[in-house]
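[1] got a sequence here, can you model it:
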Amino acid sequence: MRARRNYRRMGRAYLLALIPLVCAVVYTLFLHAIRPVLFDHAENYVVHEASFALYDVLTDTVYENRAEYANLVQFERDSEQNVTALKTDGILANHLKVQVSQAVYEALDELEHSKVQISLGSLLGPDLFGGFGPDFQVGISSLGYVQADFISAFTDAGINQTRHQIILEVTAEMRILTGLGGVDTEVTNQLVVSDTVIVGHVPEQYTYIDDTEQGLLGKINDYTP
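    Numbering: from 1, shown residues only. This next block holds a predicted model:
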């Protein structure tokens, strides 16, 4: 009888010791499964909010400095009015990039105060359980990296016409903060700041010569007819 009682007691002790272990394993597996889903939802939110913030900065900055953007590129023509070169004002380009970068820094600082709650039900099955269960709080932190560049793009605009666009591109690195850890993401937005149709001889080949030591706009686009 004593042996049976001791056996039962030992069995209960093992069972009581096993329950926390099983719970820990289940909890670990649950976190392993739910973490990437949470990060995906959080990244969608952060990219959405940051993209709008970047676009607002780009449009505001370009509008306030629209006269300067109009002077970024100057066309040189020959005696027959064919474009022989497109020259970029490198000093002005760098000045505008600094302006944009500073404005983006300030916008991202404001964005760090915004937070969103994502319910557990939305992660497990938004159609059935959306809005139910405990919430995960998602925050945003700027990593302090912002890069502004100008892109000079040429496309065919029809017979004997070439379309030249200057595109302002801004890239910022953000860190997504959740209760299950953090993950880094990158947000990029573009805005066309100059759109010109060149009428005349369409160049067959362009040679790019760096003029500002950084970025893509600071280049002279020269060609040989």
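
[2] return the alpha-carbon coordinates of stretch 98-107 using CSV.
    Output of stretch 98-107 as CSV, limited to C-alpha atoms (Å, rounded to 0.1, in the frame of the first residue of the first chain):
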residue,chain,number,x,y,z
VAL,A,98,20.0,69.1,-47.0
GLN,A,99,16.7,70.9,-46.7
VAL,A,100,14.6,67.8,-47.5
SER,A,101,16.7,65.6,-45.2
GLN,A,102,16.2,68.0,-42.3
ALA,A,103,12.5,68.2,-42.9
VAL,A,104,12.2,64.4,-43.0
TYR,A,105,14.1,64.2,-39.7
GLU,A,106,11.6,66.5,-38.1
ALA,A,107,8.6,64.6,-39.5
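
[3] use 790 as the first number for this chain going forward.
    In the new numbering, first residue 790, that becomes stretch 887-896.

[4] quick one: list the elements packing against the longest strand anywhere in the chain.
    Looking across the chain with DSSP state E, the single longest strand is strand 924-947. Contacts defined by 3 or more C-beta pairs under 8 Å, 6 or more residues apart in numbering; DSSP states H and E place strand 924-947 against helix 791-853, helix 879-900, strand 905-908, helix 909-913, strand 950-967, strand 970-988, strand 1008-1012. All C-beta atoms are positioned from the backbone trio N, CA, C, and that covers glycine.

[5] weakest of these by average pLDDT?
    Mean pLDDT is lowest for strand 1008-1012 out of those, coming in at a mean of 37.

[6] can you state the direction angle for the longest strand of the chain and strand 950-967?
    Angle, strand 924-947 to strand 950-967, by axes from the mean of the first three to the mean of the last three C-alpha atoms, to 10 degrees: 170 degrees.

[7] partner strands of strand 924-947, parallel or antiparallel?
    strand 905-908 (antiparallel), strand 950-967 (antiparallel) (DSSP bridges).

[8] mean confidence for it?
    Averaged across strand 924-947, pLDDT comes to 76.

[9] residue 949 and residue 986 touch, don't they?
    No: under the criterion of C-beta atoms under 8 Å, residue 949 makes no contact with residue 986, lying 10.6 Å away.

[10] now the longest strand of the chain - C-alpha only, PDB.
    What follows is strand 924-947, C-alpha atoms only, in PDB (Å, rounded to 0.1, in the frame of the first residue of the first chain):
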ATOM      1  CA  ASP A 924      -3.600  44.000 -27.800                       C
ATOM      2  CA  PHE A 925       0.000  44.400 -28.900                       C
ATOM      3  CA  GLN A 926       1.300  47.900 -28.900                       C
ATOM      4  CA  VAL A 927       3.300  49.000 -31.900                       C
ATOM      5  CA  GLY A 928       5.600  52.000 -31.800                       C
ATOM      6  CA  ILE A 929       8.000  53.700 -34.200                       C
ATOM      7  CA  SER A 930      11.600  54.800 -33.700                       C
ATOM      8  CA  SER A 931      13.700  56.600 -36.200                       C
ATOM      9  CA  LEU A 932      17.200  55.200 -36.700                       C
ATOM     10  CA  GLY A 933      18.500  58.600 -37.800                       C
ATOM     11  CA  TYR A 934      19.300  57.600 -41.300                       C
ATOM     12  CA  VAL A 935      17.800  59.700 -44.100                       C
ATOM     13  CA  GLN A 936      19.100  59.900 -47.600                       C
ATOM     14  CA  ALA A 937      17.700  62.300 -50.300                       C
ATOM     15  CA  ASP A 938      18.700  61.900 -53.900                       C
ATOM     16  CA  PHE A 939      17.800  63.300 -57.200                       C
ATOM     17  CA  ILE A 940      17.300  61.000 -60.200                       C
ATOM     18  CA  SER A 941      17.600  62.200 -63.700                       C
ATOM     19  CA  ALA A 942      15.400  60.100 -66.000                       C
ATOM     20  CA  PHE A 943      15.000  60.100 -69.800                       C
ATOM     21  CA  THR A 944      12.100  58.500 -71.700                       C
ATOM     22  CA  ASP A 945      10.800  58.600 -75.200                       C
ATOM     23  CA  ALA A 946       8.000  61.100 -75.600                       C
ATOM     24  CA  GLY A 947       7.100  60.600 -79.200                       C
END
